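A.B. asks: Using only what follows, build the 3D model:
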Amino acid sequence: MNAFAKKTSLLSGLLIFSLVSFSQCDILNRVSPDGSMQYYMAPVNFYWTKVKSLSGCIVTDKESYFLELLPVPFPKEPAGRKLKDELELKLSNGTICKLEHFDTRYIQKDTVMEMMYLISKQDIESLLTLEVSEARINMKGEEGTRNYVFKLHKAALKEQLECFLKEEKK
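C.D. replies: So this is what the prediction gives:
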């Protein structure tokens, strides 16, 4: 029985290790409002409390890469469309990476607001090698800048970019 328990433990450990080591690159696609095809992965949670949350993912049209963020709570439609400031990402080495605002959309009949930021070619290298530790979004108005210190999935953007680039090379 002791040998059986050892073998079971070893196999369980190897299975868990393989699942963690080889994360899946499930690339999804959708047609954007302008008719172009977008490729993305399921959004992951970066920050979550009872009051606010932030989730997001990498999106590409096979020419450019974007960071899609879903902040909660978000301003109602007229005010939210005015949010056009750069996004500041604090990386694990302490540097700040600024992404240019690309688009703000309300989807599912105004129940979700998605903000898209363009990832420049220079920033791709940084995001491929470093984790993101914080995001700062200027929500304007009374609230001002909202800081999200990433508690979850700090390496998710890095992993998603790696998946897209690996898929692109195929």
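A.B. asks: The closest residue to residue 98 other than its chain neighbours: neighbouring residues, count only.
C.D. replies: Once its chain neighbours are removed from consideration, residue 98 has its nearest residue in residue 86; the separation is 4.6 Å (Cβ to Cβ, 6 or more residues apart in numbering). All C-beta atoms are positioned from the backbone trio N, CA, C, and that covers glycine. Residues contacting residue 86 under the criterion other Cβ atoms under 10 Å number 15.
A.B. asks: isn't residue 86 right up against residue 101?
C.D. replies: Yes. With contact taken as Cβ atoms under 8 Å, residue 86 and residue 101 are classed as touching, separated by 6.4 Å.
A.B. asks: Now do the shared contacts for the two.
C.D. replies: Common neighbours of residue 86 and residue 101, counting by Cβ atoms under 8 Å, 6 or more residues apart in numbering, are residue 117.
A.B. asks: can you pull the contacts of the residue nearest to residue 98?
C.D. replies: Residue 86 makes contacts with 98, 99, 100, 101, 117, as judged by Cβ under 8 Å, 6+ apart.
A.B. asks: need these in JSON lines with pLDDT, can you?
C.D. replies: Compiled in JSON lines, these are given as follows (pLDDT from 0 to 100):
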{"residue": "98", "pLDDT": "97"}
{"residue": "99", "pLDDT": "98"}
{"residue": "100", "pLDDT": "98"}
{"residue": "101", "pLDDT": "97"}
{"residue": "117", "pLDDT": "98"}
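A.B. asks: Neighbour-wise, give me the winner out of those residues.
C.D. replies: Counting by other Cβ under 10 Å, residue 117 has the largest number of neighbours within these, with 24 neighbours.
A.B. asks: Name all residues that make contact with residue 123.
C.D. replies: For residue 123, the set of contacting residues under the criterion of Cβ under 8 Å, 6+ apart consists of 97, 99.
A.B. asks: Figure out the helix or strand that it lives in.
C.D. replies: Per DSSP states H and E, residue 123 falls inside helix 121-129.
A.B. asks: Would you indicate which residues of that helix are buried?
C.D. replies: If you call a residue buried by 16 or more other Cβ atoms under 10 Å, then helix 121-129 has these buried ones: 123, 126, 127.
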